[in-house]
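1. Provided below are the primary sequence and the corresponding predicted coordinates.
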Amino acid sequence: MAQETQTPRLRFAPSPTGHLHIGGARTALFNWLYARQNKGTFVLRIEDTDRERSTDEYVHSIMAGMEWLQLDWNEGPLHQIDRMDLYKSYVEKLLNEGKAYKCFCTAEEIDVRKKAMLASGQKPKYDGLCRNANQNQQKPFCIRFISKPEGTTIVHDLIKGDVSFENAEMDDLVIQRTDGTPTYNFCVVIDDALMRITHIIRGDDHLNNTPRQILLYEAMGFTPAKFGHLPMILGSDKTRLSKRHGATSVLAYREMGFLPDALINFLARIGWSFGDQEIFSREELIEKFSFENVGTSGGVFNQEKLLWLNAHYLKNLDDKTLQVMVTPFLEKDGFRISPEIPMDKAIHLSKERSRTLLELSEALKFYLHQSVTIDPALKEKFLTPLAIELLRELSHQIETHSDFSETSLKAKIDEWITGKGLKLKDVAQPLRVALTGSTVSPGIFELMAVLGKEKVIQRLKAVS
RNA sequence: GCUCCCAUCGUCUAGCGGCCUAGGACGUCGCCCUCUCACGGCGAAGACCGCGGGUUCGAAUCCCGCUGGGAGCGCCA
């Protein structure tokens, strides 16, 4: 048979029992990167053999997460549930070849025996009782794969190097449940083999499963793929990242106003590095990725760094694009983009002061308000009788000033301030509070130019 | 308990035997810029390279042991 498996085929195989989470997204990313780098194929396969916990909602959510991250796939989504007959044919094959057997033990019986093993210091595993049992009993049964009693199985891992396991460590794996459905370790092997997957890149929580999968490959006459096990992403307490550590769903990061490129960049840098470089475009990632530079130890998910990266990508986006991206955040809070305010200019002023789209939307709200509400404490501190007097005077000065551009405004106000023997410092904060309701905002002249004469005068009158 | 994986600043990491009195980035703290806040610029603190043995002229880098952490040990994936 011709060996024409030169272009790699990779896959991401989530189970739809939850949303696409951070760890899964990184696994998908690394598979995707390698596939794209080598002009290979990236397959999305849904591992939904657990009918109890799998839902369509999660399938859609996972796909939405990948689409948002722009991790596009070439084949799929393929559902394992559609391939049940296929798996069963292989169960039959193994049964006929004497490589598997029916097991009539109940869960309770096994549980008792395993507990006893654990108590005596042994690794709890199925004791193989039914291997020699009468196979024609009229009782419910599951089907087990006969493990090898001796020898060593070596996993040639692309990331961890060679890892060897004693075959005696492995027990007789259930490949078909009592209800007749095949199990994960069995289905993956068949799917990966039949879909001609060349590289299986997944979390290292699967490393212990790999030797038994290799044995399954061999038993069914398949050639094992290459494996690569990624270290886990950890929470701040260095345990495997979970809900306990806060948001883990990729889509939740979209809602928090993160940019897909930032998240991709961040995810890539947990576990993978390229010298001292921190910022990578997708193209660079595809070009520079290699298993060789994937680390072997787990990495903590550091949201502060994600925030920094997000800020970086945010300020490098053009204003019009950002406007499209931030609008949903504004609308969600009941704001309507008004043509009176040049939003792109407002965004230009705030984008380097915001780390997320959410923060950006917050920074834009004051432009859109009908009137400014000022916190009493701020009012007391900044809008003193003296300040109000100044603002009133300033209001008159501006009313007759027609050119509301930033430079013209600055010239006009500077002149007025200097004429009064004051410093900009003396009026900037009261003015800022009156116009924005906050002590924090973009530069006062830029902001006034964006806000427009009418609103500026209106807001000044409201406080004086 | 058993099996497997892992171990450099608080965090992500560079380092693949001499270039390391250990480099970069995030965060932190100063200073500069300045109308506030950011951005930006400059600078500082921060790792006896988990511990102990080897190998070697020489080890963060190789080997062994220990300790610590993680994962697995499901008729979940």
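-> Yes, it's here. Numbering: from 1, shown residues only, chains lettered A, B, ... in the order given.
2. quick one: A:Thr418 from A:Lys410, how far?
-> Relative to A:Lys410, A:Thr418 is positioned 12 Å away (Cβ to Cβ, to the nearest Å). Using the backbone N, CA and C atoms, a C-beta is placed for each residue, glycine as well.
3. Looking only at neighbour counts, state which of these two leads.
-> It is A:Lys410, of A:Thr418 and A:Lys410, that has more neighbours when counted by other Cβ atoms under 10 Å, with 17 against 11.
4. Kindly indicate whether that one is helix, strand or coil.
-> helix (DSSP: H, G, I helix; E, B strand; the rest coil).
5. Show me which residues of the helix or strand containing A:Glu380 are buried.
-> Element membership of A:Glu380 [criterion: DSSP states H and E] is helix A:376-382. Going by neighbour count (16 or more other Cβ atoms under 10 Å), the buried part of helix A:376-382 is A:Leu378, A:Lys379, A:Phe382.
6. correct me, but the first one touches A:Val433?
-> Yes. Counting by Cβ atoms under 8 Å, a contact exists between A:Leu378 and A:Val433, whose distance comes to 5.4 Å.
7. got any residues that touch both of the two?
-> By Cβ atoms under 8 Å, 6 or more residues apart in numbering, A:Leu378 and A:Val433 have these common neighbours: A:Thr439.
8. picking up where we left off before, can you name the next helix or strand after the helix holding A:Glu380?
-> helix A:385-399.
9. can you tell if that following helix touches RNA strand B?
-> No. Using Cβ under 7 Å from any atom of the strand, helix A:385-399 never reaches RNA strand B; the gap is at least 13.1 Å.
10. Give me the contact list for that helix.
-> Helix A:385-399 is contacted from outside by A:383, A:409, A:412-413, A:416, A:422, A:426-427, A:430-431, A:434, A:453, A:456-457, A:460-461, A:463-464, using Cβ under 8 Å, 6+ apart.
11. now that helix, how far from the centre of its chain.
-> Centroid separation between helix A:385-399 and its chain, computed with Cα atoms, centre = their mean, to the nearest Å, is 51 Å.
12. Would you mark the buried spots in it?
-> A:Ala387, A:Ile388, A:Leu390, A:Leu391, A:Leu394, A:Ser395, A:Ile398.
13. In contact with the residue lying closest to A:Glu166 once chain neighbours are set aside, which residues?
-> With sequence-adjacent residues excluded and distances taken as Cβ to Cβ, 6 or more residues apart in numbering, A:Glu166 is closest to A:Thr152, at 5.9 Å. By Cβ under 8 Å, 6+ apart, A:Thr152 lies in contact with A:Ser164, A:Phe165, A:Glu166, A:Asn167.
14. ok, now A:Glu359?
-> Taking Cβ under 8 Å, 6+ apart as the test, what A:Glu359 contacts is A:Gly257.
15. can you check A:Arg202 too?
-> A:Ala13, A:Thr27, A:Gly228, A:His229, A:Leu230.
16. among those, which are in helices?
-> Counting by DSSP state H, the part of the contacts of A:Arg202 found in helices is A:Thr27.
17. Quick check: of the contacts of A:Arg202, which has the highest neighbour count?
-> A:Leu230 (30 neighbours).
18. one step back: which strands or helices does the helix holding A:Glu380 pack on?
-> helix A:424-436 (3 or more Cβ pairs under 8 Å, 6 or more residues apart in numbering; DSSP states H and E).
19. residues in the stretch 1-150 of chain A within reach of RNA strand B, list them.
-> A:13-15, A:17, A:47, A:49-50, A:53, A:103, A:105-107, A:110, A:114, A:118, A:121-126, A:141-142.
20. Tell me which of those residues fall in helices.
-> A:Ala107, A:Ile110, A:Lys114, A:Leu118.
21. What subset of those is buried?
-> Here, 16+ other Cβ under 10 Å leaves A:Ile110, A:Lys114 buried among these.
22. Which of the ones in helices among the residues of the stretch 1-150 of chain A next to RNA strand B lies at the shortest distance from A:Asp85?
-> Taking Cβ to Cβ as the measure, A:Asp85 lies nearest A:Ala107 of those, at 26.5 Å.
23. Against A:Gly76, how distant is whatever residue of the stretch 1-150 of chain A ends up closest to RNA strand B?
-> In the stretch 1-150 of chain A, no residue comes nearer to RNA strand B than A:Glu47, which is 2.6 Å away by Cβ to the nearest atom of the strand. According to Cβ to Cβ, A:Glu47 stands 11 Å off from A:Gly76.
24. Looking at these two, which one has more neighbours?
-> For A:Glu47 versus A:Gly76, neighbours defined as other Cβ under 10 Å are more numerous around A:Glu47 (19 against 16).
25. ok now do A:Phe289, which residues does it touch?
-> Residues near A:Phe289 by Cβ under 8 Å, 6+ apart: A:Phe30, A:Leu33, A:Tyr34, A:Gln37, A:Ala268, A:Trp272.
26. Where does the second one sit: helix, strand or coil?
-> Spelled out, it's A:Leu33. A:Leu33 - assigned by three-state DSSP - is helix.
27. Just to check, it is in contact with A:Ile264?
-> No. The criterion here is Cβ under 8 Å, and A:Leu33 misses it with A:Ile264 at 9.4 Å.
28. Please pull out the lowest mean pLDDT helix or strand from chain A.
-> The helix or strand of chain A with the poorest confidence is helix A:107-119; it has a mean of 85 (mean pLDDT, DSSP states H and E).
29. Distance check, the residue lying closest to A:Asn38 once chain neighbours are set aside against A:Ala252.
-> Leaving aside its chain neighbours, A:Asn38 sits nearest to A:Pro8 (4.9 Å; criterion: Cβ to Cβ, 6+ apart). Note on A:Pro8: its distance to A:Ala252, by Cβ to Cβ, is 32 Å.
30. Between those two, which is the more surrounded one?
-> Between A:Pro8 and A:Ala252, A:Pro8 has the larger neighbour count (other Cβ under 10 Å), namely 20 against 15.
31. Retrieve the pLDDT associated with the more buried one.
-> Looking at A:Pro8, its pLDDT stands at 96.
32. For it, give me phi and psi.
-> Dihedral pair for A:Pro8: phi -70, psi 150, per degrees, to the nearest 10.
33. Is it in contact with A:Arg36, as I believe?
-> No. If you go by Cβ under 8 Å, A:Pro8 and A:Arg36 don't touch, sitting 10.2 Å apart.
34. Quick one: neighbours of the nearest residue to A:His21 once chain neighbours are set aside, just the number.
-> Excluding the flanking residues, the one nearest A:His21 by Cβ to Cβ, 6+ apart is A:Thr248, at 4.4 Å. A:Thr248 has 22 neighbouring residues, counting by other Cβ under 10 Å.
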